[in-house]
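K.L.:
predicted model and sequence follow; I will ask about them next.
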Amino acid sequence: MTQSIPFQQVDVFTKVPFKGNPVAVVLDGDHLSAEQMQEIANWTNLSETTFVCSPSHPDADYKLRIFTPNNELPFAGHPTLGSAHALLKNGLQPKNKNKIIQECELGLVEIFTEKDKLFFELPKPKITEIDEHQLEQIADALQISIENVLARQTIDVGAKWMTLQLTSAELVSTIEPNQEKLSSLIPAGCTGVTIFGAYPDHAETEFEVRGFAPNEGVPEDPVCGSGNGCVATMVKSFNLLSETSYVASQGHCVGRDGRIEVRFPSEESTLIGGHAVTCIEGNLTI
């Protein structure tokens, strides 16, 4: 017996269709098995596909399951925002004013609504160091010298990224990684490698960001919420900015123009967000 399930494809971190990071949102996943979800995610071939399910926690507005083409993730940033956008467009009435509570494998994630923008509260980061040998190998895969790396950490915000600050935004934009080498260096349980560098004039954005996740079936993530959360963690840890907010850009190397807004409302809190726009609405027949 076939099912017809409502579906949206949402472009995240942009106001302009086709310039952000798309996420496929299946709006009723309660009757799908994990195997069916993975099959659909592999078929959409986007960096992530999400499935909205009934929550098990009394405070949550819904439960979200998040899949890459290859694996299920406990949390991811742009799918969180894109799914919230799709649900609001589909008539979701949150339990709390100006706040949505998402349940996922990581736990409860708060999403704040602000006019036409959405922001998620970054889960508390878990930080480990990247040793010198690892750094040399990653730099080799990125085809740069270790002297081009100003700081590095592995940061787990539900998705785990090996995160490197490079000497400039210009260098970040010119990187052509050896994906095969990079794939062999990403340990099990780690999503991939995020790199970022500062712009000298800080006119429109502070940082250029790129993320590579070949083992997830995503050689380069167009615009990544969790990766930018890791960048924000390093910005805070290393006191890279005196401001309590900034804008990062990501995606122009793959034909996109994403804008990620980062806010530090307190020492303990980081918000990641921006705009989202629906590009496709319809139904999946399963």
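P.N.:
Yep, that arrived.
K.L.:
how far off centre is stretch 250-259?
P.N.:
Remark: stretch 250-259 is offset 14 Å from the chain centroid, using C-alpha atoms, centre = their mean, to the nearest Å.
K.L.:
next: stretch 273-286.
P.N.:
On C-alpha atoms, centre = their mean, the centre of stretch 273-286 falls 17 Å from that of its chain.
K.L.:
cool, stretch 187-202 as well?
P.N.:
12 Å.
K.L.:
and what of stretch 258-278?
P.N.:
Here stretch 258-278 shows a centroid-to-chain-centroid distance of 11 Å under the convention C-alpha atoms, centre = their mean.
K.L.:
now that stretch: mean pLDDT?
P.N.:
In this model, stretch 258-278 has an average pLDDT of 97.
K.L.:
residue contacts, Pro214?
P.N.:
Pro214 is in contact with 179-180, 182-183, 186, 192, counting by C-beta atoms under 8 Å, 6 or more residues apart in numbering. In short, each C-beta sits where N, CA and C put it, glycine included.
K.L.:
now swap in Ser145 and tell me
P.N.:
Here Ser145 is in contact with Ala139 (C-beta under 8 Å, 6+ apart).
K.L.:
next, it: phi, psi?
P.N.:
For Ser145, the backbone dihedrals (degrees, to the nearest 10) come out as phi -90, psi 150.
K.L.:
and the pLDDT at it?
P.N.:
Ser145 is given a pLDDT of 97.
K.L.:
before we move on, what about the one 4 residues further on?
P.N.:
Here the pLDDT value assigned to Val149 is 98.
K.L.:
next: the one 3 residues further on.
P.N.:
Note on Arg152: pLDDT of 98.
K.L.:
next, count neighbours for it.
P.N.:
For Arg152, the count of nearby residues is 22 (other C-beta atoms under 10 Å).
K.L.:
quick one: it from Gly274, how far?
P.N.:
Using C-beta to C-beta, to the nearest Å, we find Arg152 at a distance of 26 Å from Gly274.
K.L.:
before we move on, back to that, among the contacts of Pro214, which lie within helices?
P.N.:
Judged by DSSP state H, the contacts of Pro214 include 179-180, 182-183 as members of helices.
K.L.:
can you give me the strands for the stretch 101-250 of the chain?
P.N.:
107-114, 117-121, 126-128, 149-156, 160-166, 192-198, 207-213, 218-221, 245-250 (DSSP state E, counting those that start in this stretch).
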